[in-house]
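> Need coordinates for the following:
(one chain, ligands or ions: 1)
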Amino acid sequence: MNDADARPLRELLARNLAAAGHGEQWTRAVAQVPRHLFVPTFYEQDGTGRWSEVTTATPGYRENVYANRALTTQIKDNEPTSSSSEPGLMLSMLDALGAQAGQRVLEIGTGTGYNAALLSHVLGDANVTTVDVDPELTGDAARRLADAGYRPSVHTGDGARGVPSHAPFDRIIATCGMQSVPAAWVQQAADGAVMVVPVGWGLARITIDGGNATGRFLPQSAYFMARRTSRVRPRFDELEKEQPTVSDISAQETLTRLEFPLALALPGYRTCTWAGDDGGTASVGIWTPDGSAATAGRDGSVRQTGPRRLWDVVEQLSRQFETEPQREDFGLTITPERQWAWWKTDETGWDLPAVHFAE
Ligand SMILES: C[S@@+](CC[C@H](N)C(=O)[O-])C[C@H]1O[C@@H](n2cnc3c(N)ncnc32)[C@H](O)[C@@H]1O
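Have a look, this model is predicted:
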């Protein structure tokens, strides 16, 4: 795809993002940075779950690459492992980051390198450091960034460690889903620095003040690919040994309504459903990385196993939030001793786990 074909499409995308209220410095960058250089191919899933590759030769490639949509760019073991996020979401995060020319920024989750290119365009590439856990991705991204004329500092490793050799940073932006903010990021942030981090299913915007940090969640939802660590399998087999108890809440509706606070109260939780003979949902399952698991049937029967009584937490939250709560009423506070998410006031809340590193 040549640039003359691409320019009108990305100018249209930039105009649409400007009309949606995004900041001018970032929409101007979208109009100028060629996304197609960073996403030469992507993957689409059909109704049967099969992934197929879309290349520059596939009809519709250029309309998609300049659409306001997330594009899956890497698949491993039939699972998406990297993507170029939706441009509107990227700009919401960059707007919230409030970075100004000359400030030093760390990005965690280089992926295609497109966000690092937007940052380099606005802040100057000497001010941009980016890290991804996957050497294949950082190799491709560094090459594509150079082709587009940007030379930020690209690193390979677990982003949870930050990049100490380039600290301190005035701004830190993460583009992979986290269960909490790693202590290394707070240590590598300058006083007054701002961080925008996907925590649970939301985006926390926190400001560093001395060795502490605090701030609220942004109103929009964000379902980022989880930071790569080890994979945890649910222990549903253990549940058969447990005596059922009875719950009077509507299991599936509650898990949907409370997905945001649940991700703060039960970091890293996952859910699944089982269909009944009539095709409807017969029961739901929930599990967390510490080996806890629970199931709740539509007849109200609940079984729980492991170190935490997960369904008790679901019931407790369902009493606290009778309707879906607003994300911006939640916040996150970090002190050298602990980190917790809270609702309305930071006096109480949910402790978030310390970060363990990928091997
Ligand atoms: C949504 S993609 C990033 C998109 C990217 N910012 C872009 O503009 O293309 C999330 C990225 O996080 C990376 N990632 C996952 N776990 C990580 C870790 N522990 N440290 C650093 N990066 C990680 C993945 O490899 C993936 O490329």
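
> any chance you could map the helices in the stretch 101-250 of the chain?
Along the stretch 101-250 of the chain, counting by DSSP state H, counting those that start in this stretch, helices occupy 114-123, 135-147, 183-187.

> okay, those helices in JSON lines with mean pLDDT and mean neighbour count next?
For glycine as for every other residue, the C-beta is placed from the backbone atoms N, C-alpha and C. Below are these laid out as JSON lines (pLDDT from 0 to 100; neighbours: other C-beta atoms under 10 Å):
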{"stretch": "helix 114-123", "mean pLDDT": "98", "mean neighbour count": "25"}
{"stretch": "helix 135-147", "mean pLDDT": "98", "mean neighbour count": "18"}
{"stretch": "helix 183-187", "mean pLDDT": "95", "mean neighbour count": "19"}
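
> would you turn these into a markdown table with distance to the ligand?
What follows is the helices of the stretch 101-250 of the chain, written out as a markdown table (distance: least, C-beta to the nearest ligand atom, whole Å):
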| stretch | distance to the ligand |
| --- | --- |
| helix 114-123 | 3 |
| helix 135-147 | 5 |
| helix 183-187 | 11 |
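
> now these as TSV including distance to residue 23?
As requested, the helices of the stretch 101-250 of the chain are exported to TSV (distance: least, C-beta to C-beta, whole Å):
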stretch	distance to residue 23
helix 114-123	10
helix 135-147	22
helix 183-187	23
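
> tell me the SS of residue 43?
Recorded secondary structure, residue 43: strand (DSSP: H, G, I helix; E, B strand; the rest coil).

> Assess the claim that it and residue 79 are in contact.
No: the criterion here is C-beta atoms under 8 Å, and residue 43 misses it with residue 79 at 11.0 Å.

> Compare those two and say which is more crowded by neighbours.
The neighbour comparison of residue 43 against residue 79 (other C-beta atoms under 10 Å) goes to residue 43, with 15 against 11.

> Any stretches of this structure with poor pLDDT?
229-231, 356-359 (pLDDT under 70).

> Could you tell me which residues of it lie near the ligand?
81-85, 108-109, 111-112, 114-115, 131-134, 137, 158-160, 175-176, 224-225, 227-228, 358 (C-beta under 6 Å from any ligand atom).

> For the residue lying farthest from the centre of the chain, which non-adjacent residue is spatially closest?
In terms of distance from the mean C-alpha position of the chain, residue 243 ranks first, at 36.7 Å (C-alpha atoms, centre = their mean). Using C-beta to C-beta, 6 or more residues apart in numbering and skipping residues adjacent in sequence, the residue nearest residue 243 is residue 303, 7.8 Å away.

> ok, the one helix or strand the one you found maps to: who's next to it in the sheet?
Assigned by DSSP states H and E, residue 303 belongs to strand 301-305. Strand 301-305 has the following strand partners under DSSP bridges: strand 245-246 (antiparallel), strand 293-297 (antiparallel).

> Please tell me I have it right and the residue nearest to residue 243 contacts residue 242.
Yes: with contact defined as C-beta under 8 Å, residue 303 counts as touching residue 242 (4.4 Å).

> of these two, who's got more company?
Taking other C-beta under 10 Å, residue 303 and residue 242 do not tie; residue 303 has more neighbours (21 against 14).

> who does the more buried one bridge with?
residue 295.

> which of the residues of the chain next to the ligand count as buried?
Among the residues of the chain next to the ligand, those buried by neighbour count (16 or more other C-beta atoms under 10 Å) are 81-85, 108-109, 111-112, 114-115, 131-134, 137, 158-160, 175-176, 224-225, 227-228.

> mind listing what the nearest residue to residue 135 once chain neighbours are set aside touches?
Among residues not flanking residue 135 along the chain, residue 156 sits closest, at 4.8 Å (C-beta to C-beta, 6+ apart). Listed by C-beta atoms under 8 Å, 6 or more residues apart in numbering, the contact set of residue 156 reads 131, 132, 133, 134, 135, 138.
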